[in-house]
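**Student:** okay, structure incoming, though there's no sequence with it:
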């Protein structure tokens, strides 16, 4: 018995762009992801192509992430960040000259960073274009998500907002990849009945949801999560495989918790003299992460020096274990259901490299072992699977998310519930603006487009998530309030006063994503 495995990496970051500052802490989220996750993934896929491997991988690239990756200002700043870290690595090579273990790690970072710079330059700093190349050559399927990664069930009381989030994402994908997306990552895997009608309008054929959302479908799926179901209007729903997820995500037993791996939190930005590291810190106030880390996870207090070879051996061993586990699982499940099972294994892309430094090597080892060393597991993508298996059970999935306790608790709780009433008012007013100006041109059209951008940015799931986790709550509050205030200002200009072109141009320059936004999506469906 053989089976199918679809690995899905979800790459998303909130839109953070501050041209008014030379250096801004939260912009470093993008630079860290580029240097630690996206560029290593590109290097890995280049290796697969070079070796003629038949690989299949699915990657979400969110519209906000693509907008930042294609922005010349942020590309310049990412280059500056990379150059700065190479300079720090060079200084560390000299500082650690008499400490062999640290000295070897300083050289490792220098080699790794210079290699990443060469890759970045070789693609013209166009990471979106690099992934597009892999898709066009058939080894990668790129999917989209909602325009600003809004939790769609929280917008369900205002269907035009759900429609705008999906259709604007579809349009943006077209401009990036010159085709329509076949699949979508519902933000936070948050499904509510009715969303598939808008997916149908966007010509999106499938989506991913968490395990319980599929298991509790009506009627119950005959094959559990080991095959997709079609919703009544023909959109396929794929459920996450819990067993493969646990081996990676579990805090206690997941692979990234191995003590041989590099410790994420122990960074020279916190350990070394402040004046020495200050030029290389991500922000201008206080300490922060540089990405140069010399210690392994080991225990809570006494940290051993990071041993790169031991960590790579751990990644190779665990890749083998993961493969053997999938082979055993496929054979066990296949015997039960009487057909080749499909395992859907979705992960945050930033887990591989950023949070789990050895994650890209683990993934590379696993894919290579899967291609060369066995014949039980067949790599696929959801779209490829549907093309080969066009007949599936029809069922209606259950509302669900992949967040804590499986519902909306993370994005709607006592810390962030204040956001929703303000969004409700703004969303209603956006639809009123469309009805007032159904075919606007010139300055009015520009103002309506910017109002749409500000509303989309206020709807992002990242702000309530940050408020829940408490990582950067002041910044999240600031962003929600700023976008709502900007929207309300534009609404007032469009309804009671006149449009101030200078103010509008400043907003267009600051929040400059979705240049061809169609504001009419907030109106009635054509």
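**Tutor:** In hand now; what should we look at? Note that the structure is predicted; figures quoted are calculated from it, not measured.
**Student:** what about the strands in the stretch 351-500 of the chain?
**Tutor:** 377-379 (DSSP state E, counting those that start in this stretch).
**Student:** show me the shaky parts of it.
**Tutor:** Across the stretch 351-500 of the chain, nothing is flagged by pLDDT under 70.
**Student:** pLDDT on the longest helix along the chain, on average?
**Tutor:** Secondary structure of the chain per DSSP state H: the longest helix is helix 308-337. Mean pLDDT, computed over helix 308-337, is 97.
**Student:** and stretch 62-74, what's buried?
**Tutor:** For stretch 62-74, burial by neighbour count (16 or more other C-beta atoms under 10 Å) applies to 62-71, 74. For every residue, glycine as well, the C-beta is placed using N, CA and C.
**Student:** from those residues, pick the one nearest residue 164.
**Tutor:** Of all the buried residues of stretch 62-74, residue 164 sits closest to residue 63, with 12.0 Å by C-beta to C-beta.
**Student:** returning to that earlier point: packing partners of the longest helix of the chain?
**Tutor:** Under the contact criterion of 3 or more C-beta pairs under 8 Å, 6 or more residues apart in numbering; DSSP states H and E, helix 308-337 touches strand 3-11, helix 100-122, helix 242-249, strand 342-348, helix 359-372, strand 377-379.
**Student:** show me what contacts the nearest residue to residue 463 once chain neighbours are set aside?
**Tutor:** In this structure, residue 463 finds its nearest non-sequential neighbour in residue 476, 4.3 Å apart by C-beta to C-beta, 6 or more residues apart in numbering. Residues in contact with residue 476 (C-beta atoms under 8 Å, 6 or more residues apart in numbering) are 462-464, 466-467.
**Student:** ok, residue 476 to residue 486 distance?
**Tutor:** Counting by C-beta to C-beta, to the nearest Å, the separation of residue 476 from residue 486 is 16 Å.
**Student:** quick check, nearest of the buried residues of stretch 62-74 to residue 115?
**Tutor:** residue 69 (19.3 Å).
**Student:** number of residues surrounding the closest residue to residue 346 other than its chain neighbours?
**Tutor:** Nearest residue to residue 346, sequence neighbours excluded (C-beta to C-beta, 6+ apart): residue 8, at 4.1 Å. For residue 8, the tally of surrounding residues (other C-beta atoms under 10 Å) stands at 22.
**Student:** repeat that for the one 3 residues further on.
**Tutor:** One way to gauge burial is a neighbour count; for residue 11, by other C-beta under 10 Å, it gives 24.
**Student:** any idea which residue of the protein is furthest from its center?
**Tutor:** In the chain, residue 98 marks the outermost C-alpha relative to the chain mean, sitting 41.0 Å out by C-alpha atoms, centre = their mean.
**Student:** residue ranges in the stretch 151-300 of the chain under the pLDDT threshold?
**Tutor:** 299-300.
**Student:** quick one: the strands in it?
**Tutor:** 183-185, 206-209, 229-230, 236-239.
**Student:** including distance to residue 273 and mean neighbour count, could those go into CSV?
**Tutor:** Converted to CSV, the strands of the stretch 151-300 of the chain look like this (distance: least, C-beta to C-beta, whole Å; neighbours: other C-beta atoms under 10 Å):
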stretch, distance to residue 273, mean neighbour count
strand 183-185, 43, 25
strand 206-209, 46, 26
strand 229-230, 59, 21
strand 236-239, 51, 24
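**Student:** nearest to residue 348, out of those?
**Tutor:** Here strand 183-185 is closest among the strands of the stretch 151-300 of the chain (C-beta to C-beta), at 10.6 Å.
**Student:** list the strands paired with that closest one, with their directions.
**Tutor:** Next to strand 183-185 in the sheet, as set by DSSP bridges, lie strand 140-145 (parallel), strand 206-209 (parallel).
**Student:** including distance to residue 54, could those strands go into JSON lines?
**Tutor:** Below are the strands paired with strand 183-185 laid out as JSON lines (distance: least, C-beta to C-beta, whole Å):
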{"stretch": "strand 140-145", "distance to residue 54": "12"}
{"stretch": "strand 206-209", "distance to residue 54": "22"}
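**Student:** look up how far residue 377 lies from the residue farthest from the centre of the chain.
**Tutor:** In terms of C-beta to C-beta, residue 98 sits 48 Å off from residue 377.
**Student:** cool, residue 348 as well?
**Tutor:** In terms of C-beta to C-beta, residue 348 sits 22 Å off from residue 377.
**Student:** higher neighbour count, these two?
**Tutor:** More crowded of residue 348 and residue 377, by other C-beta under 10 Å: residue 377, with 22 against 15.
**Student:** the more buried one contacts residue 322, doesn't it?
**Tutor:** No. Counting by C-beta atoms under 8 Å, residue 377 does not reach residue 322; the two are 10.1 Å apart.
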